[in-house]
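> Could you work out the structure for the sequence below:
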Amino acid sequence: MDLSTTYLGLKLKNPVVPSASPLSQTVDGVKSMEDAGASAVVVYSLFEEQISHESGELDHYLSYGTESYAEATSYFPETEDYNMGPYEYLDHIANLKKACNIPIIGSLNGVSQGGWIQYAKSIQDAGADALELNIYYIPTDLNLTGSEIETMYIDTLTEIKKNLKIPVAVKLSPFFSSMANMAKRLDHAGADGLVLFNRFYQPDFDLEKLEVVPNLVLSTNWEMRLPLRWISILYGKIKASLAATSGIHSHQDVIKIMMAGGDVAMVCSELLMNGINRIPQIIDGMKTWMEENEYESIEQMKGSMSQKAVAEPAAFERANYMKTLQSFKILP
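Presented below is the predicted three-dimensional model:
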């Protein structure tokens, strides 16, 4: 049975890829995921602020509790224990490449241009097989238009692509007025892959202390429906690889993503909650399902339930919307 897939031009033995998380903080952690069957690993993110801000300033904002980042920070130890600087991050990438045989994908989390963009080349030079560009930006300026935000994304990707030879994936949010057009523009700007979607963690209020506090909630598999829908829509319409992240918890979830047209399914919350032993369980579950349903390969099922053959995707979505609303029955 052939579970292989291609992502960012990289040939992978299966579509199960652990996404950026604290599990990749150590060489042993990544090696354990490789031994468990992971086909590639996205290393935890290096944040723009770790490069551009003084450590004392960064520590202030991390400790203050008003910022909520796009990874499971509550699983991190104290700041001084986990906060690798940029040079340590490069050493970590280099050490992972020496210890592991699977592709190692670096991750940069930020939004601005400048030295941060130049640092992408350093990650490449450290040996990373690809780079995931995690553009995490919440526009709070009332004068900033949607068009300006989109241009910022495109310009950031364009500048990074100028300096790199390794493939670049863009991890983005679903909050664009025209998601399909944004995907097309990123594809034309040179994105080798799109990772759908970034989870925006929302802070909460502590009514006892009257403080804003981070409130991390790990994903559940119903959150997979959003990337599932958009991968289904985009499959066959853009050249970039498609990766699903958020809500991948079981072998059924991975299979659904493949049928929508995804190239890989990225797992995080499931591994944080239940351990990396879930990787071989998910892979074995895929094999069993494929055997029972007479699929010989991932390629055979890829895109089989996408919207590629639908002449009017918008009308198709409206019809599904109506069916969904009508499916709810009020008990007498």
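> Near residue 6, how many other residues are there?
For residue 6, the neighbour count with other C-beta atoms under 10 Å is 14. Any C-beta I mention is one placed from the backbone N, CA and C, and that applies to glycine too.
> need the contact list for residue 290.
Residue 290 makes contact with 1, 255, 296, 301, according to C-beta atoms under 8 Å, 6 or more residues apart in numbering.
> and it, that one's in a helix?
Yes. Residue 290: assigned to a helix according to DSSP: H, G, I helix; E, B strand; the rest coil.
> sorry, back to before: and which of the contacts of residue 290 is nearest to residue 149?
residue 255 (34.5 Å; C-beta to C-beta).
> ok, that closest one - contacts?
Residues near residue 255 by C-beta under 8 Å, 6+ apart: 286, 289, 290, 301.
> What subset of these is buried?
Buried members of the contacts of residue 255, scored by 16 or more other C-beta atoms under 10 Å, are 286, 290, 301.
> Low-confidence ranges, the stretch 51-200 of the chain, go.
51-84, 111-116 (pLDDT under 70).
> what's the most distant pair in the contacts of residue 290?
Using C-beta to C-beta, the two most remote members of those are 255 and 296, lying 13.9 Å apart.
> List the buried residues in stretch 286-301.
Within stretch 286-301, the residues scored as buried using 16+ other C-beta under 10 Å are 286, 290, 295, 298, 301.
> and those as a markdown table, adding distance to residue 324, secondary structure and pLDDT?
As requested, those are exported to a markdown table (distance: C-beta to C-beta, whole Å; DSSP: H, G, I helix; E, B strand; the rest coil; pLDDT from 0 to 100):
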| residue | distance to residue 324 | secondary structure | pLDDT |
| --- | --- | --- | --- |
| 286 | 27 | helix | 98 |
| 290 | 29 | helix | 97 |
| 295 | 28 | coil | 96 |
| 298 | 29 | helix | 97 |
| 301 | 24 | helix | 95 |
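> count of neighbours near residue 9?
Look at residue 9: counted by other C-beta under 10 Å, it has 12 neighbours.
> I meant residue 189, not that one.
18.
> OK, contacts around it?
Contacts of residue 189 (C-beta under 8 Å, 6+ apart): 154, 157, 158, 161.
> What's the local residue count around the last one?
Read it as residue 161. Per other C-beta under 10 Å, the neighbour tally for residue 161 reads 19.
> between the buried residues of stretch 286-301, which is closest to residue 212?
Distance to residue 212, by C-beta to C-beta, is smallest for residue 286 among the buried residues of stretch 286-301, at 41.5 Å.
> Touching, that closest one and residue 37? I think so.
No. Applying C-beta atoms under 8 Å as the test, residue 286 and residue 37 come out as separate, 10.5 Å apart.
> Find residues that contact each of those two.
What both residue 286 and residue 37 touch, as defined by C-beta under 8 Å, 6+ apart, is the set residue 14.
> can you pull the buried residues of stretch 134-142?
Residues of stretch 134-142 classed as buried by neighbour count (16+ other C-beta under 10 Å): 134, 135, 136, 137.
> Counting only strands, which of these make the cut?
When DSSP state E is applied, the buried residues of stretch 134-142 are split such that 134, 135 fall in strands.
> Dump the buried residues of stretch 134-142 to CSV, plus distance to residue 86.
CSV is the format used below for those (distance: C-beta to C-beta, whole Å):
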residue, distance to residue 86
134, 16
135, 18
136, 18
137, 20
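> show me where the stretch 151-300 of the chain has helices.
Ranges of helices within the stretch 151-300 of the chain are 179-188, 225-234, 251-260, 269-274, 278-292, 298-301, based on DSSP state H, counting those that start in this stretch.
> could I get the longest one in CSV with only the CA atoms?
Going back to what we said before, that points to helix 278-292. Extracted C-alpha coordinates of helix 278-292, given in CSV (Å, rounded to 0.1, in the frame of the first residue of the first chain):
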residue,chain,number,x,y,z
ARG,A,278,-0.7,8.6,18.2
ILE,A,279,1.4,8.9,15.0
PRO,A,280,1.7,5.2,14.3
GLN,A,281,-1.9,4.7,15.4
ILE,A,282,-3.1,7.2,12.8
ILE,A,283,-0.9,5.7,10.1
ASP,A,284,-2.1,2.1,10.9
GLY,A,285,-5.7,3.4,10.9
MET,A,286,-5.2,4.8,7.4
LYS,A,287,-3.8,1.5,6.2
THR,A,288,-6.7,-0.5,7.6
TRP,A,289,-9.3,1.9,6.1
MET,A,290,-7.7,1.9,2.7
GLU,A,291,-7.5,-1.8,2.6
GLU,A,292,-11.1,-2.2,3.7
